[in-house]
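no sequence on this one, just coordinates:
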């Protein structure tokens with residue numbers, strides 16, 4: 001069996017997951033996978049020229065004393081290995097009740113939101129999670145059972161935005177071997193044995209059967225996932241080309257029906273998915289089917305959050321009545337802008353902050369340049385603004401977000417919002433909007449840096 005350290009180093013180097021000067025935020029539950037990842041990175045810190053390592057632990061508030069002991073274990077481990085420790089305590093059960101999402105999904109959202117906040121604080125930084133090839137195989141089975149297409153069969157990508165998965169080419173057996181060879185202890189989450197959870201049932205009951213059929217099934221599924229990732233990247237690119245070709249000049253959100261009808265259904269499916277996502281609408285099958293129906297027969301329909309979808313003989317359109325725009329100042333894709341007590345830098349290249357205390361700013365946060373709709377501009381808030389912070393998958397009103405964050409009332413109306421013609425792209429203190437995050441298909445980046453400034457507002 002290949003050593004875990006060899007597999008991880010190959011993945012990091014071939015996929016270019018780390019850069020000299022990065023701080024790595026390691027999501028660490030205290031379990032076998034995350035302890036192995038944290039240990040490896042601590043041992044290899046100088047090898048990769050890392051600026052620092054942060055062990056990030058989320059206490060979900062679900063397992064009482066066991067959860068307290070997990071947090072204490074990760075804290076002691078981080079201190080012993082010379083890395084920082086950050087902890088977030090969440091009431092997952094309450095949050096789950098508020099959103100209607102399950103405990104697993106709610107926990108996942110809160111973890112990634114926490115990691116995103118840390119990445120902003122410690123920028124330039126990446127978030128490393130300990131997903132393995134075994135996890136990726138289980139995820140594929142889970143999605144297949146629920147009903148999925150190409151997207152669900154991609155498995156778990158090695159990189160998504162600022163999140164990297166150095167263990168993705170390692171099996172659970174390699175993790176266990178690494179722990180034994182290095183004499184590492186870890187925590188066992190008792191809930192992982194509960195087969196009433198779908199993922200646990202797949203791990204403990206389904207995967208053993210598949211391995212009995214093909215001992216190399218995880219490797220075979222990883223190859224399939226890689227092909228699905230390539231297929232999705234291709235279809236996404238084709239959908240973006242369709243958007244550019246069919247867009248009606250000067251009419252945002254309008255597209256020529258003739259060109260849409262000429263495209264193949266799977267490309268249109270990706271096109272609809274992208275349009276709905278950019279509007280902040282969950283791209284459910286019913287909305288995609290509705291778009292197809294309107295394209296074929298013409299008509300109009302109401303969608304969530306006040307959006308309207310219409311199709312005439314010539315054009316298909318997705319729009320929301322204009323509520324007016326509290327103008328602040330225009331923003332190009334390169335430049336420095338001062339607004340509301342903040343200095344915001346937009347650049348097509350990363351900016352060096354050597355010798356600076358980067359923990360006091362949001363530095364080099366990447367967004368996908370091709371996901372920006374129309375022109376960028378800075379403005380203050382307006383009624384009805386909504387925002388989905390990256391990683392949380394929960395869209396809230398800006399009013400609620402500012403209140404929950406404890407932003408002083410006199411500062412709320414001055415907070416600069418970087419927007420495109422679809423809505424908010426970035427907010428200081430909250431980070432990036434989910435819809436503009438880079439992904440596997442990203443080809444062009446725009447980097448955002450924001451820091452507090454005492455200088456006067458430019459106009």
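Received it, and whenever you're ready, just let me know what you need. Keep in mind that what you see is a predicted model, and the values were worked out from it rather than measured.

make it CA atoms for all contacts and neighbour counts henceforth
Will do.

Report how many residues lie close to residue 75.
21 (other C-alpha atoms under 10 Å).

Now do the SS call for residue 177.
Classification of residue 177 using DSSP: H, G, I helix; E, B strand; the rest coil returns helix.

now the one 4 residues further on
Reducing the assignment at residue 181 to three states with three-state DSSP gives helix.

host element of residue 12?
helix 4-14 (DSSP states H and E).

buried set for that helix?
For helix 4-14, a neighbour-count test (16 or more other C-alpha atoms under 10 Å) marks 4, 5, 7, 8, 9, 11, 12 as buried.

Then stretch 279-291?
By neighbour count on 16+ other C-alpha under 10 Å, the buried set for stretch 279-291 is 279, 280, 281, 283, 287, 288, 290, 291.

May I see the buried residues of the one helix or strand residue 220 maps to?
Using DSSP H and E, residue 220 falls within helix 217-246. By 16+ other C-alpha under 10 Å, the buried positions in helix 217-246 come out as 217-219, 221-222, 224-226, 228-229, 232-233, 235-240, 242-243, 246.

next one: stretch 153-169
Quick answer for stretch 153-169 (16+ other C-alpha under 10 Å): 153-169.

Same question for stretch 373-381.
373, 376, 377, 378, 379, 380, 381.

Out of those residues, the closest to residue 436 would be?
Nearest to residue 436, judged by C-alpha to C-alpha, of these is residue 373 at 9.7 Å.

Which one of the buried residues of stretch 373-381 is nearest to residue 120?
Once C-alpha to C-alpha is applied, the member of those that ends up nearest residue 120 is residue 378, at 20.2 Å.

Confirm the closest one sits in a strand?
Yes - assessed with three-state DSSP, residue 378 lies in a strand.

just checking, it touches residue 416?
Yes - Residue 378 lies in contact with residue 416 (C-alpha atoms under 8 Å); the separation is 6.2 Å.

Can you give the distance of the helix holding residue 12 from its chain's centre?
23 Å (C-alpha atoms, centre = their mean, to the nearest Å).

In the stretch 51-200 of the chain, where is pLDDT below threshold?
Along the stretch 51-200 of the chain, segments meeting pLDDT under 70 are nowhere present.

Could I get the full set of helices for it?
Assigned by DSSP state H, counting those that start in this stretch, the stretch 51-200 of the chain shows helices spanning 64-80, 92-99, 103-121, 133-146, 172-182, 198-201.

Tally up the residues packed near the nearest residue to residue 176 once chain neighbours are set aside, please.
Spatial nearest neighbour of residue 176, excluding adjacent residues (C-alpha to C-alpha, 6 or more residues apart in numbering): residue 32 at 7.3 Å. By the measure other C-alpha under 10 Å, the count of residues near residue 32 is 20.

now do residue 365
Neighbours of residue 365 (other C-alpha under 10 Å): 24.

before we move on, what about the one 5 residues further on?
The local packing count at residue 370 equals 15, with neighbours defined by other C-alpha under 10 Å.

check contacts around it.
442, 443, 444 (C-alpha atoms under 8 Å, 6 or more residues apart in numbering).

follow-up on the earlier one: out of the helices of the stretch 51-200 of the chain, which is closest to residue 318?
Among the helices of the stretch 51-200 of the chain, helix 92-99 sits nearest to residue 318 (C-alpha to C-alpha), with 26.3 Å.

before we move on, the earlier item: ok, and what's touching the helix holding residue 12?
By C-alpha under 8 Å, 6+ apart, helix 4-14 touches 17, 18, 40, 166, 167, 169, 170, 174, 175, 177, 178.

in stretch 443-452, what counts as buried?
Here stretch 443-452 shows 445, 446, 447, 448, 449, 450, 451, 452 as buried, counting by 16+ other C-alpha under 10 Å.

I'd like these as CSV, with distance to residue 28, secondary structure and pLDDT appended.
CSV is the format used below for the buried residues of stretch 443-452 (distance: C-alpha to C-alpha, whole Å; DSSP: H, G, I helix; E, B strand; the rest coil; pLDDT from 0 to 100):
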residue, distance to residue 28, secondary structure, pLDDT
445, 29, strand, 90
446, 30, strand, 91
447, 28, strand, 90
448, 28, strand, 91
449, 27, strand, 88
450, 28, strand, 86
451, 29, strand, 82
452, 31, strand, 78
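
Widest-spaced pair of these?
Once C-alpha to C-alpha is applied, these give 445 and 452 as the farthest pair, at 23.4 Å.

before we move on, the earlier item: need the max-distance pair from the buried residues of helix 4-14.
Greatest spacing in the buried residues of helix 4-14, by C-alpha to C-alpha: 4 and 12 (12.2 Å).

which residues in the stretch 301-450 of the chain form helices?
Using DSSP H, counting those that start in this stretch, helices in the stretch 301-450 of the chain cover 398-404, 409-412.

Indicate which one of the ones you listed is closest to residue 192.
helix 398-404 (32.5 Å).
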